[in-house]
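**Student:** output the structure for:
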Amino acid sequence: MKINNTNGKIIFYIAHIELPDINALAHRVLANCIALREAGYRPILIGYSKDKSTSRDIEKTHFVVNGFDCYNIPYPISNMDWAKDAVEYRKIKKFIENFFVEGVHSIVCCSIGSTNFYGLMRFAKKHGIHMVSDTEDWFDKFTGNIIRRTYKKLDEEVYVKILKPIIKNVITISPFLYDYYTKVQNCNCIIVPSLSSDTDVRFKNLPEYVVDDKLKFVFSGNPGYRGSKDRIDWCVRAFAHCAPDNAVFDIFGVAKDDFIEQFPEYEIEARDPKITFHGFCDNRTCLEKIAVADFTVFARLLCQVTMAGFPTKFSESLNIGIPSITTPTSDLTDYISNGVNGLISEEATYESFEKTFKIACSLSKEEIARIHENCRNDKRLDCKYYTQILKDYFDNLY
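**Tutor:** Here you go, the predicted structure:
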């Protein structure tokens with residue numbers, strides 16, 4: 001399957017993503033690819049699939065998402081699978097070599113591990129292809145047994161401190177990561193936060209927000225065990241303590257029983273009849289509920305991990321025109337103005353978050369409608385805003 005007339009404009013985007021919309025990283029990669037396509041490049045995506053029937057022959061896994069050619073690698077399950085995954089670069093480079101190599105401009109990698117990254121680095125150098133790292137998180141804790149934790153830590157050390165400085169080209173999701181890779185590792189960096197696009201099929205034909213008698217809050221996402229990613233317990237507590245009788249709170253991503261098991265101290269709050277736990281739902285269902293909400297809600301602690309990342313749920317909510325209530329992590333204070341296009345607490349503490357939640361509950365419908373209008377007009381996280389920025393960057397890679 002040769003791709004002709006590409007004029008060296010193919011970009012392979014290889015990441016631990018589950019397409020089309022299973023995880024937040026997939027949303028980020030697709031949005032970046034939309035911007036790159038607008039910039040004149042042709043992104044081709046390689047992700048991972050947990051479908052047991054996924055072929056180990058990459059070419060046979062072809063499918064299309066948002067007009068992009070996509071391919072899958074079987075997602076590793078067992079320890080043996082993870083060991084094999086460390087050398088998947090062999091299949092990837094063979095696939096590129098057999099079908100596309102003469103038209104490839106660059107390879108962008110995200111969360112694929114140091115051995116795969118190094119293997120693709122050597123391949124790229126051999127063929128005169130640019131190598132880029134899309135860096136969207138910071139690891140300070142590792143899970144699993146001691147062997148797995150040790151391996152992950154060493155893998156990350158090699159990835160961050162040796163390999164990325166060699167290739168120089170690093171896309172960062174936040175100012176925190178930008179400062180680290182430019183000042184400490186002397187890399188050629190650009191900041192690209194989590195983006196969204198009206199052209200993404202996920203946002204097509206969503207229901208329209210209308211003002212009604214209810215005050216509707218939505219949380220959507222995987223909060224992690226005991227709120228390791230998002231403090232869902234803060235959201236539940238704040239709602240139970242502050243919300244008026246006409247308020248409802250829909251929670252997607254965690255079941256009620258799981259929440260109570262992880263936070264038994266807040267069982268009474270979790271059983272508030274105005275709160276509905278939906279458990280895991282597909283992305284479309286979540287977006288449809290967000291589209292008619294008054295606010296999306298999420299809270300995070302202040303730490304290196306949250307400062308290094310950027311919440312995809314915020315950019316998606318803003319793209320739909322729905323304001324968020326949240327805490328000041330990453331560089332969200334640059335995007336949220338209190339009472340203008342959302343609400344953000346002064347501190348990343350429960351007390352400050354509850355105070356902010358209480359303010360949201362006191363707003364009139366007219367005030368909420370005005371905030372919604374401001375969100376709809378805020379296009380700073382739209383892919384179109386970053387098209388020229390990404391074009392300039394990719395046109396001048398090391």
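**Student:** domains in this structure, by residue range?
**Tutor:** For the chain, automatic domain parsing gives the domain ranges 10-195+383-394, 201-376.
**Student:** I'd like the average pLDDT over the longest one.
**Tutor:** Averaged across domain 10-195+383-394, pLDDT comes to 91.
**Student:** what of the last one?
**Tutor:** Confidence over domain 201-376, taken as the mean pLDDT, stands at 96.
**Student:** for it, what is the distance to the chain centroid?
**Tutor:** Per C-alpha atoms, centre = their mean, to the nearest Å, the displacement of domain 201-376 from the mean C-alpha position of its chain is 16 Å.
**Student:** turn the domains of the chain into a markdown table, including mean neighbour count.
**Tutor:** Where C-beta positions appear, they are placed from N, C-alpha and C, glycine not excepted. Shown next, in a markdown table, are the domains of the chain (neighbours: other C-beta atoms under 10 Å):
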| stretch | mean neighbour count |
| --- | --- |
| domain 10-195+383-394 | 18 |
| domain 201-376 | 18 |
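**Student:** distance check, Ser257 against Lys161.
**Tutor:** That one is not Ser; residue 257 is Asp. According to C-beta to C-beta, to the nearest Å, Asp257 stands 42 Å off from Lys161.
**Student:** ugh, typo on my part, it should be Lys214
**Tutor:** 51 Å.
**Student:** ok, Lys365 touching Val210?
**Tutor:** No - look at Lys365 against Val210 with C-beta atoms under 8 Å: they stay out of range, at 10.7 Å.
**Student:** using CSV, write down the CA coordinates of stretch 240-255.
**Tutor:** Extracted C-alpha coordinates of stretch 240-255, given in CSV (Å, rounded to 0.1, in the frame of the first residue of the first chain):
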residue,chain,number,x,y,z
ALA,A,240,-23.6,17.3,48.8
HIS,A,241,-22.8,20.2,51.1
CYS,A,242,-23.5,23.2,48.8
ALA,A,243,-26.0,22.2,46.0
PRO,A,244,-29.5,23.5,46.1
ASP,A,245,-32.6,21.2,45.8
ASN,A,246,-32.9,21.9,42.1
ALA,A,247,-29.3,20.7,41.4
VAL,A,248,-28.2,17.3,39.9
PHE,A,249,-24.8,15.8,39.5
ASP,A,250,-24.0,13.2,36.9
ILE,A,251,-20.7,11.3,37.4
PHE,A,252,-19.2,9.3,34.5
GLY,A,253,-16.2,7.0,35.0
VAL,A,254,-16.8,5.5,38.4
ALA,A,255,-19.6,3.4,39.8
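**Student:** quick one, strands of the stretch 1-150 of the chain?
**Tutor:** Assigned by DSSP state E, counting those that start in this stretch, the stretch 1-150 of the chain shows strands spanning 10-15, 42-49, 63-65, 68-74, 104-110, 130-135.
**Student:** what sits against the nearest residue to Ala247 once chain neighbours are set aside?
**Tutor:** Closest residue in space to Ala247, ignoring its immediate chain neighbours: Leu215 at 4.2 Å, by C-beta to C-beta, 6 or more residues apart in numbering. If a contact means C-beta atoms under 8 Å, 6 or more residues apart in numbering, then Leu215 has 243-244, 246-248, 294, 361 as its contacts.
**Student:** just those residues: which are in strands?
**Tutor:** Using DSSP state E, 247-248 are the members of the contacts of Leu215 that sit in strands.
**Student:** adding distance to Cys281, write the contacts of Leu215 out as TSV.
**Tutor:** Formatted as TSV, these follow (distance: C-beta to C-beta, whole Å):
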residue	distance to Cys281
Ala243	22
Pro244	26
Asn246	24
Ala247	21
Val248	16
Asp294	20
Cys361	25
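**Student:** which one among the contacts of Leu215 gets closest to Cys235?
**Tutor:** Ala243 (10.8 Å; C-beta to C-beta).
**Student:** any idea how far Lys229 is from that closest one?
**Tutor:** For Ala243, the distance to Lys229 - C-beta to C-beta - is 23 Å.
**Student:** what's around Lys379, how many residues?
**Tutor:** By other C-beta atoms under 10 Å, the residues close to Lys379 number 13.
**Student:** wait, what's in contact with the closest residue to Leu19 other than its chain neighbours?
**Tutor:** Nearest residue to Leu19, sequence neighbours excluded (C-beta to C-beta, 6+ apart): Gly47, at 4.8 Å. Residues near Gly47 by C-beta under 8 Å, 6+ apart: 14-19, 26, 29, 70-73.
**Student:** quick check, nearest of those to Leu120?
**Tutor:** Ile14 (7.4 Å).
**Student:** contact partners for that closest one?
**Tutor:** For Ile14, the contact set (C-beta under 8 Å, 6+ apart) comprises 45-47, 92, 107-110, 112, 120.
**Student:** quick check: beta-bridge partners of it?
**Tutor:** Beta bridges link Ile14 to Ile46, Cys109, judged by DSSP bridges.
**Student:** so how far is Ile190 from Ala35?
**Tutor:** Using C-beta to C-beta, Ala35 is found at 12 Å from Ile190.
**Student:** if I look at these two, which residues touch both of them?
**Tutor:** Common neighbours of Ala35 and Ile190 (C-beta under 8 Å, 6+ apart) are Leu390.
**Student:** which residues sit against stretch 164-180?
**Tutor:** The contact list for stretch 164-180 (C-beta under 8 Å, 6+ apart) reads 28, 32, 106, 108, 121, 130-138, 181, 185-194, 304, 307-310, 330-331, 393, 397-398.
**Student:** is it true that Ser194 lies in a helix?
**Tutor:** No - under the criterion used here (DSSP: H, G, I helix; E, B strand; the rest coil), Ser194 is coil, not part of a helix.
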